[in-house]
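Colleague: make a model of this:
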Amino acid sequence: MTTTIKPRDVQVLPLGVDTLILRSRTWDRLKFEIEYARERGTTANAFLIQGDKIALFDPPGESFTEIFLESLQQRLDPRQIDYLILAHVNPNRAVTIKALLELAPQITFVCSNPGAIALRSLLPDKELNILTVRGEETLDLGKGHRLQFITTPIPRWSDEMCTYDPQTEILFTDKLFGAHICSDQVLDEGWTSFSEDRRYYFDAVMAAYARQVDTALEKLAPCLDLEAKTLVAPGHGPMVRYGLRELVQDYHQWSQEQRAKETMVTMIYASAYGNTAILGQAIARGITKAGVAVETINCEFAQPEEIKHAIAKSAGFALGSPTLGGHLPTPVQTALGIVLANASKSQLAGVFGSFGWSGEAVDLIEGKLRDAGYTFGFETIRVKFKPTEVHLQLCEEAGVDFAQAIRKAKKLRAPRQPVIESQAARTEQAVGRIIGSLCVLSAKQGEVATGMLADWVSQATFNPPGIMIAVGKERAIESLLYPGSSFVLNILAEGKQLRKHFMKSFAPGEDRFAGVETELSQNGCPILTGALAYLECQVEQRMECGDHWLVYATAENGKVLQQEGVTAVHYRKSGNHY
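Modeller: Have a look, this model is predicted:
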């Protein structure tokens, strides 16, 4: 398949009185982080308020540095900019900031105290004017634009800060209420069409930080007029106005669903350059997909009592660390001591981390936990430099396995009740009599390829020819089955060879197709050459249904490979398991 790289541009439009939005846009995948996996493109939204003084908000990362600065210079001389307001600071954004400083060395930075620390570490050779925000300050730009700042720290972005302009009633929220989708549309007219993108973004980015999201919503409540007067301006995706009430309600509901889960895993980490945080987020995504809540703690900013309290109520924990100068960072070393002193040996453990030239920190954590007698829920994950999409898929699958092991252990420890035939639910017995054809779904996106055995498959439409498939939320392939994605439905013939291969348990990151003859379909996904038939499909819609996603897809191409073969079917006695 030939990949066409689409051009990038900057869309500049008025957003309110004296206020412009500068949307750096790409219709291609920006990077390998888990929240970008849908390949719907993205916008990096920056904003400009031109009062008596001029403030620029959140310039984009290095993917857009050149075209963003060119667009900015077409509208004003950068030497006129008084303030650069940063909701959060990261190495990617630092590239653009450094280039902007060359044009406008007079700029005063406005950010939280953790943001100021990060900024100085990223630009150690620069003389920086920084106005540090702690949550109560205001900044008067003139012409009625008196900005209010609200600190909303989240473990992955401990410096996170939102800004409200009462003059225009615009709330700049950076990571909150975002979505990775690219189009010409700036506002959210027809907002229901963005609902799935926003849900995916929440699940990928925010679900592991449900407690902090709730706190942020409480802080932002005075600025949120849900009668559509407030305009919410996130760092990614369309602005939120028409669907504001529903989106705020959704965030409350999704956060509460995470916090209401009975079983919890505590994830503790530090991240020097953001890479360990990305790994942790991918593991957390797998854990939450499998129905277990995650409490995420950045130990660089957490108090010992917070870590101790979280460990005490957890069924398992995962520790993540970078390696700095061949050593374990002090905050992680402190957190490890707290864990060893307070976690019971029945709690499942996990270790992960990134490194540059050596990985001693991860080895040290693993060794301490093994020596203490803890059982590990996944093989220790070590990644050199920045994670790739393959690493993130491995992390997500490891998270799923970790959660399932915890749920299984809790079930085994629960009191057992004698089971006799008369106690079996009659409804479940009846549901179990529904049979389906045995198939293997196979999908490939970038360097990630995966497959799963399925029998909850049915034809759904004649024109266009369409099928429905129910996919468990915890399945690895679920992340590759969003609208616009492609897959192959391999329909199996009677016989146990292929069925047996895909019935086995796969380790995180293990090649599902090793030892199986395949060829690539026109849509780039694997065809099992030993199958009875196959269909090349494209996902059109999906709907959340309890513990599964119901996926509707159209068949675009297909072929019968064994003219005399008979379709394999799966018979069950109960409807409460496969």
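
Colleague: for the stretch 351-500 of the chain, what spans make up the helices?
Modeller: 360-371, 389-413, 426-432, 497-503 (DSSP state H, counting those that start in this stretch).

Colleague: please identify the most buried of the ones you listed.
Modeller: helix 389-413 (a mean of 21; mean count of other CB atoms under 10 Å). In short, each C-beta sits where N, CA and C put it, glycine included.

Colleague: who does it touch, helix- and strand-wise?
Modeller: Taking 3 or more CB pairs under 8 Å, 6 or more residues apart in numbering; DSSP states H and E as contact, the helices and strands that helix 389-413 lies on are strand 264-269, helix 275-289, strand 316-320, strand 348-355, strand 381-384, strand 448-454.

Colleague: save the ones you listed as a markdown table, and put in mean pLDDT, mean neighbour count and distance to residue 442 too.
Modeller: Listed next are these as a markdown table, based on pLDDT from 0 to 100; neighbours: other CB atoms under 10 Å; distance: least, CB to CB, whole Å:
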| stretch | mean pLDDT | mean neighbour count | distance to residue 442 |
| --- | --- | --- | --- |
| strand 264-269 | 96 | 25 | 30 |
| helix 275-289 | 94 | 27 | 20 |
| strand 316-320 | 97 | 28 | 30 |
| strand 348-355 | 95 | 26 | 28 |
| strand 381-384 | 94 | 19 | 25 |
| strand 448-454 | 93 | 22 | 4 |
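
Colleague: tabulate these (JSON lines), appending distance to residue 128.
Modeller: Converted to JSON lines, the helices and strands packed on helix 389-413 look like this (distance: least, CB to CB, whole Å):
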{"stretch": "strand 264-269", "distance to residue 128": "27"}
{"stretch": "helix 275-289", "distance to residue 128": "24"}
{"stretch": "strand 316-320", "distance to residue 128": "30"}
{"stretch": "strand 348-355", "distance to residue 128": "27"}
{"stretch": "strand 381-384", "distance to residue 128": "31"}
{"stretch": "strand 448-454", "distance to residue 128": "40"}
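
Colleague: for residue 91, which of those is the nearest?
Modeller: Evaluated with CB to CB, the helices and strands packed on helix 389-413 place helix 275-289 nearest to residue 91, the distance being 9.6 Å.

Colleague: for the closest one, packing partners?
Modeller: Using 3+ CB pairs under 8 Å, 6+ apart: helix 275-289 touches strand 264-269, strand 293-298, strand 316-320, strand 348-355, strand 381-384, helix 389-413.

Colleague: so which of the helices and strands packed on helix 389-413 gets nearest residue 106?
Modeller: It's helix 275-289; of the helices and strands packed on helix 389-413, that one is closest to residue 106 (CB to CB) at 32.7 Å.

Colleague: so where do the strands sit in the stretch 51-200 of the chain?
Modeller: 54-57, 83-85, 108-112, 129-133, 138-140, 146-151, 161-165, 170-174 (DSSP state E, counting those that start in this stretch).

Colleague: can I get these in CSV including mean neighbour count, mean pLDDT and distance to residue 560?
Modeller: Converted to CSV, these look like this (neighbours: other CB atoms under 10 Å; pLDDT from 0 to 100; distance: least, CB to CB, whole Å):
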stretch, mean neighbour count, mean pLDDT, distance to residue 560
strand 54-57, 22, 98, 57
strand 83-85, 22, 98, 61
strand 108-112, 22, 96, 62
strand 129-133, 17, 95, 65
strand 138-140, 14, 96, 68
strand 146-151, 20, 96, 61
strand 161-165, 25, 97, 57
strand 170-174, 25, 97, 52
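
Colleague: residue 557 is nearest to which of the helices and strands packed on helix 275-289?
Modeller: helix 389-413 (25.7 Å).
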